[in-house]
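K.L.:
Sequence plus predicted model, see below.
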Amino acid sequence: MSHYARIPGREEHLFELTAVHLEAPTGGQPKRHDATVHIILVNWNYGGQLRECLESLVCAGTTGPPPIQQVTVVDNASSDGSIDGLDDLPLPLTLIRNTANRGFAAACNQAAASSEADFLLFLNPDTRLSPNSISRPVQAMLAPENQAVGIVGVQLMDENGNVTPTCTRFLTSGMVIRRILGLEHLRSSPWPPHVMTDWDHKASRMVDHVMGAFFLVRRDLFRRLGGMDERFFVYLEDLDFSLRASKAGYRTLYLTDTQVYHKGGGSSDRAKARRLYYALSSRVQYGFKHFAPWKAWGLLGATLLVEPVTRVVHAAVRGSLTRVRDTLAAYSMLCRNFPDMLRARHHGQHP
């Protein structure tokens with residue numbers, strides 16, 4: 001039976017978020033036989049996918065070291081009953097029920113706050129693991145030559161067994177401008193794309209960033225960087241973390257020795273206007289955090305004045321009135337909430 005605890009939602013910040021500079025680690029690796037993993041899932045109306053994911057953990061956690069020390073599901077006020085009836089699973093399971101949707105980054109920090117495991121695995125509920133999906137990435141982290149690797153991702157597969165491009169380059173202002181102008185999908189573009197679609201993802205290599213659907217992190221690194229930046233409600237919080245880890249001297253490894261099924265779209269697939277709003281607001285936050293001020297303000301102007309037109313025209317050409325409505329609704333939310341975003345930027349705790 002699971003260790004099944006219900007912990008009330010907490011609203012306080014869970015880490016002291018301060019500016020840091022780290023050197024790449026030179027020692028202190030956990031030993032292969034005693035390394036532990038804490039798996040963290042953030043749920044918001046994932047339906048039966050959550051249970052299917054947890055059931056796959058049962059198999060993945062019995063194929064050898066490292067042991068799963070804890071599995072935490074943080075539920076952001078779901079209304080679909082997806083977190084009910086999970087206590088029969090043979091997992092060291094803890095359930096945190098939030099009374100409101102705190103966002104993905106905040107929920108990740110909430111779960112990781114009291115962790116004592118060597119590694120944190122942030123896992124989307126719409127994934128299903130194979131038997132070696134945990135052991136192989138951790139073994140890679142423990143290899144002596146990978147002491148400077150702070151983050152590991154694995155090969156993600158779609159429902160047809162095809163490899164999904166999930167590695168990205170760090171976002172630049174030029175990439176955002178090309179997105180706004182609709183130039184990112186040009187067949188003969190001279191610019192490298194944000195998502196690494198120019199590479200087949202069939203070999204292990206170091207990359208800038210791996211998608212957060214399967215995001216294995218050294219706990220020590222997570223804590224020393226202050227966790228996820230909670231100003232990103234959802235989207236780009238993982239990219240921001242990878243960039244901060246890179247600046248601190250750590251690297252990200254994409255591993256093809258094991259595969260994980262990922263449905264994609266997730267629970268936000270049913271709320272397309274709000275999903276677009278969160279994507280846009282996170283991009284604005286990312287620009288103000290990581291770009292020069294003049295670039296950030298310029299991108300904000302283009303986001304508010306140019307991109308709505310290009311998106312609406314594109315949707316209209318495709319004959320999708322629903323997409324036109326969703327686009328207008330998303331930009332309306334962005335305009336209404338922009339003052340709050342500015343206040344969060346000025347009072348944020350992360351560097």
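P.N.:
Sure, I can see it.

K.L.:
Do a quick rundown of the helices in the stretch 251-351 of the chain.
P.N.:
Under the criterion DSSP state H, counting those that start in this stretch, the stretch 251-351 of the chain contains helices at 272-290, 293-305, 307-317, 321-347.

K.L.:
For the last one, buried residues please.
P.N.:
This points to helix 321-347. Buried residues in helix 321-347, defined by neighbour count with 16 or more other C-beta atoms under 10 Å: 323-324, 326-327, 330-331, 333-334, 341, 344. In this view, the C-beta of every residue, glycine as well, is placed from N, C-alpha and C.

K.L.:
what packs against it?
P.N.:
Counting contacts by 3 or more C-beta pairs under 8 Å, 6 or more residues apart in numbering; DSSP states H and E, helix 321-347 is packed against helix 272-290, helix 293-305, helix 307-317.

K.L.:
Domain-wise, how is this structure divided?
P.N.:
As assigned by automatic domain parsing, the chain contains the domains 26-166+201-266, 269-347.

K.L.:
would you list these in a markdown table and tack on mean pLDDT?
P.N.:
Formatted as a markdown table, those follow (pLDDT from 0 to 100):
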| stretch | mean pLDDT |
| --- | --- |
| domain 26-166+201-266 | 92 |
| domain 269-347 | 87 |
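
K.L.:
re the thing from before, which of the buried residues of helix 321-347 lies closest to Pro67?
P.N.:
Ala344 (38.7 Å; C-beta to C-beta).

K.L.:
where do the helices sit along the chain?
P.N.:
48-60, 104-112, 135-142, 173-180, 219-224, 237-247, 272-290, 293-305, 307-317, 321-347 (DSSP state H).

K.L.:
between the last one and helix 293-305, what angle do the directions make?
P.N.:
Read it as helix 321-347. 150 degrees (axes from the mean of the first three to the mean of the last three C-alpha atoms, to 10 degrees).

K.L.:
how big is the angle separating helix 321-347 from helix 272-290?
P.N.:
Using the same axes, to 10 degrees: helix 321-347 against helix 272-290 is 30 degrees.

K.L.:
ditto for the fourth one
P.N.:
Angle, helix 173-180 to helix 272-290, by the same axes, to 10 degrees: 160 degrees.

K.L.:
what's the single longest strand in the protein?
P.N.:
The residue-count maximum for a strand in the chain (DSSP state E) belongs to strand 251-262.

K.L.:
Would you mark the buried spots in that one?
P.N.:
Buried, per 16+ other C-beta under 10 Å, within strand 251-262: 251-255, 258-262.

K.L.:
For those residues, work out which two are farthest apart.
P.N.:
Across the buried residues of strand 251-262 (C-beta to C-beta), the longest gap, 26.0 Å, separates Arg251 and Tyr261.

K.L.:
Surely Ser282 touches Asp229?
P.N.:
No. Under the criterion of C-beta atoms under 8 Å, Ser282 is not in contact with Asp229, lying 9.9 Å apart.

K.L.:
Now the common contact residues for those two.
P.N.:
Glu237 (C-beta atoms under 8 Å, 6 or more residues apart in numbering).

K.L.:
Flag every buried residue along stretch 282-295.
P.N.:
So for stretch 282-295, counting by 16+ other C-beta under 10 Å, buried means 282-291, 295.

K.L.:
Let's see that stretch as PDB, backbone CA atoms only.
P.N.:
Extracted C-alpha coordinates of stretch 282-295, given in PDB (Å, rounded to 0.1, in the frame of the first residue of the first chain):
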ATOM      1  CA  SER A 282       5.800  33.600 -19.800                       C
ATOM      2  CA  ARG A 283       7.600  34.700 -22.900                       C
ATOM      3  CA  VAL A 284       7.200  38.400 -21.800                       C
ATOM      4  CA  GLN A 285       8.600  37.500 -18.400                       C
ATOM      5  CA  TYR A 286      11.500  35.600 -19.900                       C
ATOM      6  CA  GLY A 287      12.300  38.600 -22.100                       C
ATOM      7  CA  PHE A 288      12.400  41.000 -19.200                       C
ATOM      8  CA  LYS A 289      14.500  38.600 -17.100                       C
ATOM      9  CA  HIS A 290      17.100  37.600 -19.700                       C
ATOM     10  CA  PHE A 291      17.200  40.100 -22.500                       C
ATOM     11  CA  ALA A 292      18.500  43.700 -22.600                       C
ATOM     12  CA  PRO A 293      15.800  46.100 -21.500                       C
ATOM     13  CA  TRP A 294      15.400  47.700 -24.900                       C
ATOM     14  CA  LYS A 295      15.000  44.300 -26.500                       C
END
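
K.L.:
So what touches it?
P.N.:
171, 173, 176, 229, 231-237, 239-240, 243, 296, 299-300, 303, 334, 338, 341, 344-345, 348, 350.

K.L.:
same thing with stretch 43-57?
P.N.:
39, 41, 68, 71, 73-80, 82-83, 85-86, 89, 91, 93, 101, 123-130, 263, 266-268, 270.

K.L.:
Only C-alpha atoms, please: export stretch 230-246 in CSV.
P.N.:
These are the backbone C-alpha positions of stretch 230-246, laid out as CSV (Å, rounded to 0.1, in the frame of the first residue of the first chain):
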residue,chain,number,x,y,z
GLU,A,230,7.3,31.1,-9.7
ARG,A,231,6.8,34.2,-11.8
PHE,A,232,6.4,31.7,-14.7
PHE,A,233,2.9,30.3,-13.9
VAL,A,234,3.4,27.6,-16.6
TYR,A,235,5.7,27.4,-19.7
LEU,A,236,9.4,28.5,-19.9
GLU,A,237,10.0,27.9,-16.2
ASP,A,238,12.1,24.8,-17.1
LEU,A,239,14.0,26.7,-19.9
ASP,A,240,14.7,29.5,-17.4
PHE,A,241,16.0,26.9,-14.9
SER,A,242,18.2,25.3,-17.5
LEU,A,243,19.7,28.7,-18.5
ARG,A,244,20.4,29.6,-14.9
ALA,A,245,22.0,26.2,-14.4
SER,A,246,24.2,26.7,-17.5
